[in-house]
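Trainee: Give me coordinates for this.
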Amino acid sequence: MNPAFEVVFQDEYIVILNKIAKILTVPTPKKEKNTLTAILEADLKQPVFPCHRLDRETTGLIIYALSRDIEGKVFDQFRVGKVTKRYVAFVSGHLRPDRGVFEGKIIDREGRRFGEAPKPAKAFYKVVRYCAGFCVVELNPVTGRTNQLRIQLAQSGHPILGEDKYAFRRDFSIKFKRLALHAFYVSFRHPVSGDFVELKIGLPDDMKNFLQTGDLT
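Mentor: Residues are numbered from 1 along each chain as shown. Predicted coordinates:
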């Protein structure tokens, strides 16, 4: 197994990985070379095309296409809301009520810098466990705005543990060494066969250990 990822699904058209933390999906304007995409291309010895992105510190499921044509077909499903993604986050404080929806216009930090207009964003949430000083939240984004879940949770007053872009880490009473966000579920139609593809994975070790050793209520 490559240390940067685990292959969860693979055929001649797509590859779905379980990404580790601390690695970019694609280069930023700084042109980093050690990205998930570059590592996967070296591993498979062919070009690959990410169908969406995960933040550097976010772990979990990410879909890659093995051709531009397949990438376009998966993009089409994203555009019309036919791809379902779910995340688990460890969130500061106790989010109330225990289920609901985040909805409104948001803009990420880079978009604001370049004068972009805020865009509508929507995500459903459900608290699955209240712990001492934080809670475990399942998130189902309907839209796919950049940094959407990070922004919406920060705006709610309950930022994700480890957040340092839309909140100050020094303000957290409970510390986590990275952004505590994990993409654990994805479902969509296979772009060639039309079969329903549904994948679900467990928490990464650092989040799992945090729950086991933390002071839980």
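Trainee: Would you map the helices across this protein?
Mentor: Along the chain, counting by DSSP state H, helices occupy 36-44, 68-79, 109-113, 148-155, 205-213.
Trainee: Out of these, flag the one nearest Leu95.
Mentor: Across the helices of the chain, the minimum distance to Leu95, taken as CB to CB, is reached by helix 148-155, at 8.2 Å. Just so you know, the C-beta spots here come from the backbone N, C-alpha and C atoms, and that holds for glycine as well.
Trainee: other SSEs contacting that closest one?
Mentor: Applying 3 or more CB pairs under 8 Å, 6 or more residues apart in numbering; DSSP states H and E, one finds that helix 148-155 contacts strand 84-92, strand 99-106, strand 119-130, strand 134-141.
Trainee: Please determine how far Glu116 is located from Asp108.
Mentor: From Glu116 across to Asp108, the span is 9 Å (CB to CB, to the nearest Å).
Trainee: between those two, which one's more packed in?
Mentor: Shown here are Glu116 and Asp108; by other CB atoms under 10 Å, Asp108 has more neighbours (18 against 12).
Trainee: Hmm, Ile151 and that one touching each other?
Mentor: Yes - using CB atoms under 8 Å, Asp108 is in contact with Ile151, at 6.4 Å.
Trainee: and stretch 88-103, which residues are buried?
Mentor: Judged by neighbour count (16 or more other CB atoms under 10 Å), stretch 88-103 contains these buried residues: Val88, Ala89, Phe90, Val91, Ser92, Gly93, Leu95, Phe102.
Trainee: List the beta-bridge partners for the fourth one.
Mentor: Meaning Val91. Cys135, Ile160 (DSSP bridges).
Trainee: Going by distance to Thr146, which of the buried residues of stretch 88-103 wins?
Mentor: Closest approach between the buried residues of stretch 88-103 and Thr146, by CB to CB: Phe102, at 15.1 Å.
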